[in-house]
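Undergrad: Just need the structure, nothing else, for what follows:
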Amino acid sequence: MATSQPTPAARNVVLTGFMGTGKTTVGRLLATTLDAEFVDTDDIIVERHGPIAEIFSDQGEGAFRSMERDVAAELGAQTGLVISTGGRMMLDATCVEMLESTGRVFCLAADPQEILRRVMGDGEGPARPLLAGPDPAERVLSLLRERAEGYGRFEQIATDDRPPADVCEDIASRL
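TA: Below is the predicted model:
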């Protein structure tokens, strides 16, 4: 007996990629386009556990990653969602397994300079724990190199020099 897969309309759409690539902005538009519910994994964690920067400083990155796995398990058991993930969430094999079981994953990508411009201009730049330090530009490059293989396993969607509506339309046309 074959296991049944959700119909394409019921499957989740999972957006992953580095911070500042447009996952939340595009995700909200895509949810409206698809008449689906939008969820942001970081927002769920903040709602339940407090600010991410505080989780990192008080409990450590390991605790945060455990929270991500819990959220992935919860969302992977649902369908009809557009899910925006934290930048490292889909580099965790457990999260991938849970979210790919009911969803199609797209990786949003942008040039490192564009990412830095976006995250430093969004009012959250200094609050992003992974960019703390004297040289955020070098940190972006280093993290992108470190994550390239993990991100590369998913279907890529470039967001440089493209309005979010165009990126949304691109993803919707691939479903």
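Undergrad: Enumerate the positions of the lowest-mean-pLDDT helix or strand in the chain that are buried.
TA: Lowest by mean pLDDT, DSSP states H and E among the helices and strands of the chain is helix 112-120, with a mean of 87. Residues Pro112, Glu114, Ile115, Leu116, Arg118, Val119, Met120 are the ones in helix 112-120 that count as buried (16 or more other C-beta atoms under 10 Å). For every residue, glycine as well, the C-beta is placed using N, CA and C.
Undergrad: what does stretch 10-29 give?
TA: 11-23, 25-29.
Undergrad: sorry, back to before: residues in contact with the helix or strand following the least confident helix or strand of the chain?
TA: Once the chain leaves helix 112-120, the next helix or strand it forms, by DSSP states H and E, is helix 136-152. Helix 136-152 is contacted from outside by 16-18, 87-88, 90-91, 107, 109, 112-113, 115-116, 119-120, 125, 130-131, 133, using C-beta atoms under 8 Å, 6 or more residues apart in numbering.
Undergrad: can I get the CA coordinates of helix 136-152 in PDB?
TA: This file holds the C-alpha atoms of helix 136-152, laid out as PDB (Å, rounded to 0.1, in the frame of the first residue of the first chain):
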ATOM      1  CA  PRO A 136      28.900  42.000   9.700                       C
ATOM      2  CA  ALA A 137      29.800  42.000   6.000                       C
ATOM      3  CA  GLU A 138      32.500  39.300   6.600                       C
ATOM      4  CA  ARG A 139      30.100  37.400   8.800                       C
ATOM      5  CA  VAL A 140      27.500  37.300   6.000                       C
ATOM      6  CA  LEU A 141      30.100  36.000   3.600                       C
ATOM      7  CA  SER A 142      31.400  33.400   6.000                       C
ATOM      8  CA  LEU A 143      27.900  32.100   6.900                       C
ATOM      9  CA  LEU A 144      26.800  32.000   3.200                       C
ATOM     10  CA  ARG A 145      29.900  29.900   2.400                       C
ATOM     11  CA  GLU A 146      29.200  27.600   5.400                       C
ATOM     12  CA  ARG A 147      25.600  27.100   4.400                       C
ATOM     13  CA  ALA A 148      26.000  26.900   0.600                       C
ATOM     14  CA  GLU A 149      25.800  23.200   0.300                       C
ATOM     15  CA  GLY A 150      22.700  23.000   2.600                       C
ATOM     16  CA  TYR A 151      20.900  25.700   0.800                       C
ATOM     17  CA  GLY A 152      21.900  24.300  -2.600                       C
END
